[in-house]
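1. What follows is a predicted protein model with its sequence.
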Amino acid sequence: MELPKWHLEMDLFKAFKTTFIVEGNVYDLQPYPTKIEESTRWDMVMLDNYLHSYLKESGYENIVFYNNIDGFSNEFDNDALKSFLEISCQGANNNSIRQTSDSCYNATLERATDMIREALGNRKKPSAIIMNLASRYVSSPDNLSDEEREVYSKLLLTSLKRTQVKVNDGLVNNLLFIIANKINDIPTWFYIDNPHVKTLMIQKPDKSVRKNFIDTQIKFFTDVESLTPDELYKSKEKFVNLTDGFKNIELNGLKTLCRQENIPFNKISEAITLFKYGIKKNPWDSISDEKLREIEQSIKKRVKGQESGITQTIDIVKRAVSGMSGLQHSSSSSKPKGILFFAGPTGTGKTELAKTLAEWLFGTESACIRFDMSEYQQSHSDQKLLGAPPGYVGYESGGQLTNAVKEKPFSILLFDEIEKAHPSIFDKFLQILEDGRMTDGKGETVYFSDCIIIFTSNLGIYTKDEYGRRLPNVNIEMEYEEMKQRVLGAIKDYFVLELGRPELLNRIGNNFVIFDFIREETAKLIVDSQIKKISTSLLNERNIKVVISENAKEFLEKKAMSNLENGGRGIGNVIEKYFVNSLSRYIFDNKVQENCILEVIEIIEDKDIAELICEVKNV
């Protein structure tokens, strides 16, 4: 394993920088290299321990930690703390600090900055001060009080004064470390254009760190001894891939969870699912090959006339079930199970296909969580969807999307009419599509790695002329391929030219599914399907068997053909008007009882109202 980038930067810049702002993954365990004879042992330690070991090895004698709650301390070397106090309190009233334990001296932030300036200005002993919890020193970095401004002004003066101390045959700089969650918790005027300040970003553990963790900690997992070398290798690889985005402390927690729940190492995916969602069983693992082979016929029973789109969608599902989603990417395991973009005319089955997938994959349509993006058109809509940042009003409530995924982590997320969303939301979508996770306002990680994400859009169906009038861009007379290319071209123009977000297109890749118009043959299938659904419902609820003649059926088909521009919804409206309404009227007016056969012989239209000619037979 190699040293992290932030360590290498610290090594390089400490010779001519005076101040380091350390941000990012600062509360996590860090792998520290300990030399043992001719080899290196990587010990997992907290950042304080890491910096102390590093600075000690670099020749620093006075290494002290400070936070505004506990004051000054050094739990690793009490002599260093005493030496620091001797240097920093020269000429000052010692009553301004108070010993609170054997290795801790309390001091206000204002007094502490004076002591830090004094210590870092000394030329006798090489000194390094680590200021922890810097994100909590001020209420707002953009709106400092007079006292807060004075504190950072003193620290700025300290950073501008480079003091060197002799160590062995060379010189080292006295150093100040400011540890913060993120750099914008620090006033910008402190570090902008300050050549003495260097920012270090600690990232979450990369693949090599996770691999090193499992290589060194494998002996602490359950039932490792029973695995063959090949099984052990595959389980290790699965561990490394499935823990993308985990912190080292979380990896350690996963180890504890395996032992606590007695989960063998070759079933590490169960432990990871339990860690993420609080459940052992992952629904994706229960989808059998036999069920997968039946998916196409199951979907075609509900979604008519979209063979090309259904095949393309099923390919995505098969990749998700087989664990092959995103294998071309370096961090495929953390990405959503699948990403689809449904486009095409209204009423052609986009939402129906999403609901069908949810029922087929997870056993219920309610696993399809729909978001109407026309409700997220305002500038603050990203907070409504994903939650306000920590500290802002309503942050503790979370966002509508993050809350929904916490409740149902195995789901279809349907974002309807995505083009209507405010542009700020697309930044969040980029993160979800790339990383498969987000941190909400409460600091909890929300995982999208077991979801299929579907965007729908009507882009490309209409275009606008020079006066802003809406004109058809495609029509039912076009061949499917021509219509498909026009719609794809309009989608590309929208994201690249109008929105300026080509990277979102790249995340979606080739997963654009263009739905065809509902054409005549498909319309007949939909009419037949809806008649059967109505007949089945009457038979089950009232034991009335409805039989419809060919003449009546042809009448409904003819009416459906006249409303194809509105797709399946238009056909549904026709069936409701000319069949459902007239059938319910006939049953009510004629007091049709249960346990009978109702034959619809003919449908007659009279002044836009349909009347049924029927014959009723008792069973």
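-> Received the coordinates, thanks.

2. doesn't residue 334 make contact with residue 433?
-> No - checked against CB atoms under 8 Å, the pair residue 433 and residue 334 is beyond contact range at 10.8 Å. Every C-beta, even on glycine, is put in place using the N, C-alpha and C of the backbone.

3. Just list what the lowest-mean-pLDDT helix or strand in the chain packs against, helices and strands only.
-> When the helices and strands of the chain are compared on mean pLDDT, DSSP states H and E, strand 98-101 comes out lowest with a mean of 72. Helices and strands touching strand 98-101, as assessed by 3 or more CB pairs under 8 Å, 6 or more residues apart in numbering; DSSP states H and E, comprise strand 104-106.

4. Next one: residue 51 from residue 22, what distance?
-> 8 Å (CB to CB, to the nearest Å).

5. which residues do these two both contact?
-> Residues touching both residue 51 and residue 22 (CB atoms under 8 Å, 6 or more residues apart in numbering) are residue 177.

6. distance of the most centrally placed residue in the chain from residue 399?
-> What sits nearest the mean C-alpha location of the chain, by CA atoms, centre = their mean, is residue 437, with 2.7 Å. Counting by CB to CB, the separation of residue 437 from residue 399 is 14 Å.

7. centre of the chain versus the least confident helix or strand of the chain, how much separation?
-> How far strand 98-101 lies from its chain's middle: 45 Å, per CA atoms, centre = their mean, to the nearest Å.

8. measure the residue lying closest to residue 148 once chain neighbours are set aside to residue 155 for me?
-> Nearest residue to residue 148, sequence neighbours excluded (CB to CB, 6 or more residues apart in numbering): residue 138, at 4.5 Å. As judged by CB to CB, residue 138 and residue 155 stand 12 Å apart.

9. and if you look at residue 215?
-> With CB to CB as the criterion, residue 215 and residue 155 are 41 Å apart.

10. The two: which is more packed in?
-> More crowded of residue 215 and residue 155, by other CB atoms under 10 Å: residue 155, with 23 against 12.

11. what's the more buried one in contact with, if anything?
-> Per CB under 8 Å, 6+ apart, neighbours of residue 155: 19, 113, 116, 176, 178, 190.

12. sorry, back to before: ok, the residue nearest to the centre of the chain touching residue 448?
-> Yes - the pair residue 437 / residue 448 is scored as a contact, 6.3 Å apart, by CB under 8 Å.

13. looking just at contacts, which helices and strands does the lengthiest helix in the chain meet?
-> Identified as the longest helix of the chain according to DSSP state H is helix 520-542. When contacts are defined as 3+ CB pairs under 8 Å, 6+ apart, helix 520-542 sits against strand 544-548, helix 550-561, helix 567-575.

14. elements contacting the second one?
-> This means helix 550-561. Packing contacts for helix 550-561, counted by 3+ CB pairs under 8 Å, 6+ apart, involve helix 520-542, helix 567-575, strand 596-606.

15. that older thread, need the winner for burial among the helices and strands packed on helix 520-542.
-> A comparison of the helices and strands packed on helix 520-542 by mean neighbour count, using mean count of other CB atoms under 10 Å, puts helix 567-575 on top with a mean of 21.

16. Tell me which helix or strand comes right after it.
-> Per DSSP states H and E, the first helix or strand lying C-terminal to helix 567-575 is helix 581-589.

17. all strands of the stretch 101-250 of the chain, in order?
-> Ranges of strands within the stretch 101-250 of the chain are 104-106, 127-131, 164-167, 170-173, 175-179, 197-202, based on DSSP state E, counting those that start in this stretch.

18. now for the longest one, which elements pack on it?
-> By that I understand strand 197-202. Checked by 3+ CB pairs under 8 Å, 6+ apart, strand 197-202 has helix 5-13, strand 19-24, helix 188-191 packed alongside it.

19. and among these, the most buried is which?
-> For those, the largest average neighbour count (mean count of other CB under 10 Å) is found in strand 19-24, namely a mean of 22.

20. Residue 342 in helix, strand or coil?
-> Per DSSP: H, G, I helix; E, B strand; the rest coil, the local secondary structure of residue 342 is strand.

21. what bridges to it?
-> Beta bridges link residue 342 to residue 456, residue 513, judged by DSSP bridges.

22. Got the domain ranges for the chain?
-> 5-202, 207-281, 289-514, 520-618 (automatic domain parsing).

23. worst average pLDDT in these?
-> Here the lowest mean pLDDT among these goes to domain 289-514, at a mean of 85.

24. Please identify the buried residues of the host helix or strand of residue 291?
-> Element membership for residue 291, per DSSP H and E: helix 289-293. Neighbour-count burial for helix 289-293, counted by 16 or more other CB atoms under 10 Å, picks out no residue.

25. And the next helix or strand after it, what does it pack against?
-> Next along the chain after helix 289-293, taking DSSP H and E as the criterion, comes helix 295-300. In terms of contacts (3+ CB pairs under 8 Å, 6+ apart), helix 295-300 is packed against helix 307-322, helix 350-362.

26. Single out the most deeply packed of the ones you listed.
-> The highest average neighbour count among the helices and strands packed on helix 295-300, using mean count of other CB under 10 Å, belongs to helix 350-362 at a mean of 22.

27. what angle separates it from helix 567-575?
-> Here the directions of helix 350-362 and helix 567-575 differ by 100 degrees (axes from the mean of the first three to the mean of the last three CA atoms, to 10 degrees).

28. Export the helices and strands packed on strand 197-202 to a markdown table and append columns for distance to residue 424.
-> Below are the helices and strands packed on strand 197-202 laid out as a markdown table (distance: least, CB to CB, whole Å):
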| stretch | distance to residue 424 |
| --- | --- |
| helix 5-13 | 30 |
| strand 19-24 | 24 |
| helix 188-191 | 22 |
